[in-house]
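A.B. asks: Structure for this input, please:
(one chain, ligands or ions: 1)
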Amino acid sequence: MEIENKNIDYNKLIISVRDLYKSFGENHVLQGINLDVFEKENVAVLGRSGTGKSVLIKIICGLLRPDSGTVNVLGKEVDKLNDKELRELRLQVGFSFQNSALYDSMSVRENLAFPLVRNARHLTKKEVTSQIESVLSDVGLSQTINQMPSELSGGQRKRIGIARTLILRPKIMLYDEPTSGLDPITSIEINNLINLVRQKFNTTSIIITHDLTCAKSTGDRVAMLFDGKFIKEGTFDEVFNTDDERIKNFYNYNFINQL
Ligand SMILES: Nc1ncnc2c1ncn2[C@@H]1O[C@H](COP(=O)(O)OP(=O)(O)OP(=O)(O)O)[C@@H](O)[C@H]1O
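C.D. replies: Numbering: from 1, shown residues only. Model (predicted):
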């Protein structure tokens, strides 16, 4: 078995979140979040539905603004960037959406060409094709190049969604519920892909999930979100080896649901 080469650099902080608060009206979603992610580290953020996991990564990539607190990404304070700087930063942050966000009226080839043509206009047609073929091979789906999204399985759609993000060679990957709606075997394949992406593309990642298997197999570190705060952080075993009833309930609920 090939041993994964993680090469995490704990001297290089890639994402740093401090005292982050975000409410929607009376809904106080994030209530003092602190999080550091180091170069080439995979951090899994676990929590129940509606705890603010997606809100957190949307704030990290500048899609939402916090009420207070700071978010530093690749050395830049996200809240202080103007529109142009934010666009430049976003090119380095790949966002893999929960629903894969593919354009249903476009083929796989066109879906993958879209971000390239929009953001790297200097490329020739031949270069675009070669990059599409290369990234499709990376996600193991070369044969789907001329298919439409409606012809793909849920797992294949997730892979193409990840490929479409990777084609811009981001330094950071934010995965929003990468295994949601997938059967256990397809989920394992996606978890393996997330680890492969880190190894091959040297990405730093946050994986948002409520799937324990996903968190365990992709997260070097796991952070447990509860009521707007991280209540425990560490390796998967450190987090779940606990007397905290909130974490034990989360574990048991997941376990029962997987039976
Ligand atoms: N743009 C918005 N306007 C108002 N409320 C919002 C907005 N975005 C998120 N929320 C609310 O913030 C809370 C957290 O939502 P979020 O999508 O981050 O949850 P989550 O932990 O990712 O859950 P899930 O796993 O179900 O996606 C929810 O109560 C949601 O309704």
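A.B. asks: and the lowest-mean-pLDDT helix or strand in the chain, what does it pack onto?
C.D. replies: Ranking every helix and strand in the chain by mean pLDDT, DSSP states H and E puts helix 245-258 at the bottom, with a mean of 80. Secondary-structure packing of helix 245-258 (3 or more Cβ pairs under 8 Å, 6 or more residues apart in numbering; DSSP states H and E): helix 212-218, strand 221-226, strand 229-234, helix 236-240. (C-beta placed from N, C-alpha, C; glycine too.)
A.B. asks: And these: which comes nearest the ligand?
C.D. replies: When the helices and strands packed on helix 245-258 are compared by Cβ to the nearest ligand atom, strand 221-226 sits nearest the ligand, at 7.2 Å.
A.B. asks: buried stuff in that closest one?
C.D. replies: 221-226 (16 or more other Cβ atoms under 10 Å).
A.B. asks: Would you map the helices across this structure?
C.D. replies: 53-60, 83-91, 108-119, 125-138, 154-166, 184-201, 212-218, 236-240, 245-258 (DSSP state H).
A.B. asks: Let's have the ones you listed in JSON lines, adding distance to the ligand.
C.D. replies: As requested, the helices of the chain are arranged in JSON lines below (distance: least, Cβ to the nearest ligand atom, whole Å):
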{"stretch": "helix 53-60", "distance to the ligand": "3"}
{"stretch": "helix 83-91", "distance to the ligand": "18"}
{"stretch": "helix 108-119", "distance to the ligand": "23"}
{"stretch": "helix 125-138", "distance to the ligand": "26"}
{"stretch": "helix 154-166", "distance to the ligand": "15"}
{"stretch": "helix 184-201", "distance to the ligand": "15"}
{"stretch": "helix 212-218", "distance to the ligand": "12"}
{"stretch": "helix 236-240", "distance to the ligand": "17"}
{"stretch": "helix 245-258", "distance to the ligand": "12"}
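A.B. asks: Can you lay out those as CSV showing distance to residue 12?
C.D. replies: Shown next, in CSV, are those (distance: least, Cβ to Cβ, whole Å):
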stretch, distance to residue 12
helix 53-60, 17
helix 83-91, 17
helix 108-119, 25
helix 125-138, 24
helix 154-166, 21
helix 184-201, 15
helix 212-218, 20
helix 236-240, 23
helix 245-258, 30
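A.B. asks: Out of these, which is closest to residue 147?
C.D. replies: Residue 147 sits nearest to helix 108-119 of all these, at 5.4 Å, using Cβ to Cβ.
A.B. asks: who touches the closest one?
C.D. replies: 91, 102-103, 106, 123, 128, 131-132, 135-136, 141, 144-149, 152, 160, 163-165, 167-168 (Cβ atoms under 8 Å, 6 or more residues apart in numbering).
A.B. asks: tell me the average confidence for that helix?
C.D. replies: Mean pLDDT, helix 108-119: 91.
A.B. asks: so who does residue 215 touch?
C.D. replies: Neighbours of residue 215 in contact, by Cβ under 8 Å, 6+ apart: 44, 46, 207, 209, 222, 236.
A.B. asks: which ones are touching the nearest residue to residue 60 once chain neighbours are set aside?
C.D. replies: Leaving aside its sequence neighbours, residue 60 sits nearest to residue 71 (Cβ to Cβ, 6 or more residues apart in numbering; 5.7 Å). Contacts of residue 71 were listed using Cβ under 8 Å, 6+ apart, and they are 15-18, 20, 59-60, 77-79.
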